[in-house]
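Participant: Sequence and computational prediction follow.
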Amino acid sequence: MNILVLNCGSSSIKYQLFDMRDQSVLAKGLVHRVGMSGSKIDHKKAGQSDKTVIQTEILDHKDGIKKILDLLTGEKTGVLKSLDQIDAVGHRIVHGGEKFAASVLIDENVLRAIRDCIVFAPLHNPPNLKGVEAVTEIMPKVRQVGVFDTAFHQTMKPKAFLYGLPYRFYEKDGIRRYGFHGTSHRFVSRRAAELLKKPYEKMKIITVHLGNGCSIAAIDQGVSVDTSMGHTPLEGLVMGTRCGDIDPAISLYLMKKYELSVQEVDNLLNKHSGVLGISQESNDLRDLEEGWPKRSERANLALEVYAYRIRKYIGAYIATLNGCDALVFTAGVGENSPIVRGIVCKDMEFLGIEIDLQKNEVTWRGAEGDISTPNARVRTLVVPTNEELVIAQDTMEIVGSKTGKGKGKV
Ligand code: ADP
C-alpha cells in the first residue's frame, strides 16, 4: 500500500510518499511560497543523493498538489507509474477541537467539523482543508484521512484543560487548553517504551518536543494527562519566536501604553518574542549556541530562560505524574542540542534525572539513545520524531478498518 502524506501550511506543502510494506519513503519534498512570487519545489526520491529543485509558478494549494503528483509520476523524478498507485492520502490537520480524539476517515461530516474548528486555528485549518479539497478534486476516488495535532491530548481531564475563567467561556466558546504536537508526543513516547523494553501502558513518560514550536507533555499509561501548549500554540515553553507563558495582563498593558492593535500584539507575542526577543540575535538555537558560552550575554540569557522554563515544566509534570520513568527529548533542538539538554538536566538528581555528559555530547543527527547514567532513576532518552510516519500508519490502519476510526493511541 502506498500512502501520500500531506502537510499543507499557509504558504508551503510538505509531502512524503510511503511504501507501507516496509514503511520506507519513496519520495518526499517541500513546496515553497505557494501563491507567492519565487515559488519552488524541492523534490527528492529515495536513493537520490541530491534533491531536484524546480522553480515554477504555484498559483495555489491545488496547483501545488498537482505539481507534486506530476513529480511523483514523472519520467525522471517519479517513483510511480500512475496516480492509481496511491492508495490513500493522510493529512496533518492542526485543530480538531473536542470533536476528534483520534484520526479519522474524511467525509462531508468530518470536513464540516474541521471547518467548525477554524475559529481555533485560523491560520492552520484553512490551508489543511485546501489540501483535502484539492485531493478530492484531482483524485476523487482516493480515501483521505485526517490526523489531528490536538487529538492525542483529548484525554486531558478538566482539571488540566480548564482555565481559571468564567465557565461560560468554555461552554459557549470552547475556550480551554487543547495542546498541540500530539502526533509527535504520541510517537516518541511509544518509541521510548519500545527502546526501554517496558510496557507503554504501565509507564510514566515526559516528552519534550523542541522544534520551532516547543511543547512538553505528561503521559501516564499511554494517555496524555497534561501538555504545555493551550488554547493556541502560544502557551507554555519559551520558543524560537513565541513567548510561551506570560502574565496575561502584559498584553493589556502593552496595548494601552503603546496603543498597539490586537494584530500588533499577536505579532509581537508570536513572531518577535521567545529566544529571538530576548537575544535580539536569532530565533535559531544553532546561532545562539555558536561560541556558547562566550557568544554574548544576551544569547546566554536567552538559552538560560529557554532551558529554565523546560526545567520548571519537568518538575511540574513529575508532580502531575507522581513519578517519571522516562524523559524524552525530540525535534530539531531536542534531538540535536547537547547544550540545551545539558542545561535542562543539570542538578536534577533529586528528581532522579542524571545524564552522562559523554553520551549526551555524541547523541544527535537522527540518533536515538539513552543518555542517562546507568544508575539514574529516570531514563533520559533522545528519540527523533517522525510525524509523517505516524500519519501514514494511522491512514493505513483507518482505510483498512471497517469503522473509519482510529484508536487514538498507537
Ligand atoms: P519544526 O518545529 O518546524 O518541525 P524542527 O523540529 O525541525 O522544526 O526544529 C527546528 C529547530 O531546530 C530550529 O529552531 C533549529 O534551531 C533547531 N536545530 C536544528 N539543528 C540544531 C542543532 N544542531 N543544534 C541546535 N538546534 C538545532
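Facilitator: Structure's in. What do you need?

Participant: Could you give the average pLDDT over the helix or strand encompassing residue 332?
Facilitator: Following DSSP states H and E, one finds residue 332 within helix 331-336. Regarding helix 331-336, the rounded mean pLDDT is 97.

Participant: tell me which residues of the following helix or strand past it are tucked away?
Facilitator: Sequence order places helix 338-345 as the next helix or strand after helix 331-336, per DSSP H and E. Neighbour counts over helix 338-345 (16 or more other Cβ atoms under 10 Å) mark 338-341, 343-345 as buried. All C-beta spots, glycine's among them, are computed from the backbone N, C-alpha and C.

Participant: before we move on, what about stretch 133-145?
Facilitator: Across stretch 133-145, burial judged by 16+ other Cβ under 10 Å covers 134-136, 139, 142-145.

Participant: Strands along the stretch 151-300 of the chain, start to end?
Facilitator: In the stretch 151-300 of the chain, the strands defined using DSSP state E, counting those that start in this stretch lie at 204-210, 214-220, 223-227.

Participant: tell me the angle of the last one relative to strand 204-210?
Facilitator: Counting by axes from the mean of the first three to the mean of the last three Cα atoms, to 10 degrees, strand 223-227 points 50 degrees away from the direction of strand 204-210.

Participant: Strand 223-227 pairs with which strands?
Facilitator: Sheet pairing for strand 223-227, assigned by DSSP bridges, gives strand 214-220 (antiparallel).

Participant: what's the answer for the first one, then?
Facilitator: Sheet neighbours of strand 204-210, with direction, are listed as strand 214-220 (antiparallel), strand 326-330 (parallel) (DSSP bridges).

Participant: Just the C-alpha atoms of the first one, please, in CSV.
Facilitator: Translated: strand 214-220. Written as CSV, here are the backbone C-alpha positions of strand 214-220 (Å, rounded to 0.1, in the frame of the first residue of the first chain):
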residue,chain,number,x,y,z
CYS,A,214,8.1,23.8,21.7
SER,A,215,5.8,21.8,24.0
ILE,A,216,6.1,19.2,26.7
ALA,A,217,3.6,16.5,27.7
ALA,A,218,3.0,14.3,30.7
ILE,A,219,1.9,10.8,29.6
ASP,A,220,0.5,8.3,32.1
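
Participant: would you turn the strands paired with strand 204-210 into a markdown table with mean neighbour count and distance to residue 377?
Facilitator: Shown next, in a markdown table, are the strands paired with strand 204-210 (neighbours: other Cβ atoms under 10 Å; distance: least, Cβ to Cβ, whole Å):
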| stretch | mean neighbour count | distance to residue 377 |
| --- | --- | --- |
| strand 214-220 | 27 | 17 |
| strand 326-330 | 27 | 11 |
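
Participant: any chance of the ones you listed in JSON lines, plus distance to residue 272?
Facilitator: Shown next, in JSON lines, are the strands paired with strand 204-210 (distance: least, Cβ to Cβ, whole Å):
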{"stretch": "strand 214-220", "distance to residue 272": "16"}
{"stretch": "strand 326-330", "distance to residue 272": "26"}
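
Participant: Can you tell me which of these is nearest to residue 119?
Facilitator: Among the strands paired with strand 204-210, strand 214-220 comes nearest to residue 119, with 21.1 Å by Cβ to Cβ.

Participant: and that closest one with the ligand, contact?
Facilitator: No: using Cβ under 6 Å from any ligand atom, we find that strand 214-220 stays clear of the ligand, coming within 8.2 Å at best.

Participant: That strand: how far from the chain's middle?
Facilitator: Relative to the centre of its chain, strand 214-220 is centred 12 Å away, using Cα atoms, centre = their mean, to the nearest Å.

Participant: just stretch 10-30 next, same as before
Facilitator: Chain-centre distance of stretch 10-30: 16 Å, with Cα atoms, centre = their mean.

Participant: do the same with stretch 244-255
Facilitator: Its chain's C-alpha centre and that of stretch 244-255 lie 25 Å apart, by Cα atoms, centre = their mean.

Participant: Mind checking which of the buried residues of stretch 133-145 are in helices?
Facilitator: Here DSSP state H is the test, and the buried residues of stretch 133-145 give 134-136 as lying in helices.

Participant: which helix in this protein runs the most residues?
Facilitator: In the chain, assigned by DSSP H, the helix with the most residues is helix 297-321.

Participant: List the buried residues in that one.
Facilitator: Applying 16+ other Cβ under 10 Å to helix 297-321 flags 299, 302-303, 305-307, 309-311, 313-314, 317-318, 320-321 as buried.

Participant: So which of these is the closest to residue 204?
Facilitator: Residue 204 has its nearest neighbour among those in residue 321, at 4.3 Å by Cβ to Cβ.

Participant: The spatially closest residue to that closest one that is not a sequence neighbour bridge partners, please.
Facilitator: Distances taken as Cβ to Cβ, 6 or more residues apart in numbering place residue 204 nearest to residue 321, at 4.3 Å, with adjacent residues excluded. Here residue 204 shows beta-bridge partners residue 220, assigned using DSSP bridges.

Participant: any idea how far residue 204 lies from residue 301?
Facilitator: Noted for residue 204: a distance of 33 Å to residue 301, by Cβ to Cβ, to the nearest Å.

Participant: quick one on the thing from earlier: so the residue nearest to residue 321 sits right up against residue 220, yeah?
Facilitator: Yes: Residue 204 lies in contact with residue 220 (Cβ atoms under 8 Å); the separation is 5.6 Å.

Participant: Give me the common contacts of these two.
Facilitator: By the contact definition Cβ atoms under 8 Å, 6 or more residues apart in numbering, residue 204 and residue 220 are jointly contacted by residue 321.

Participant: Okay, now the unreliable bits of the chain?
Facilitator: 402, 404-410 (pLDDT under 70).
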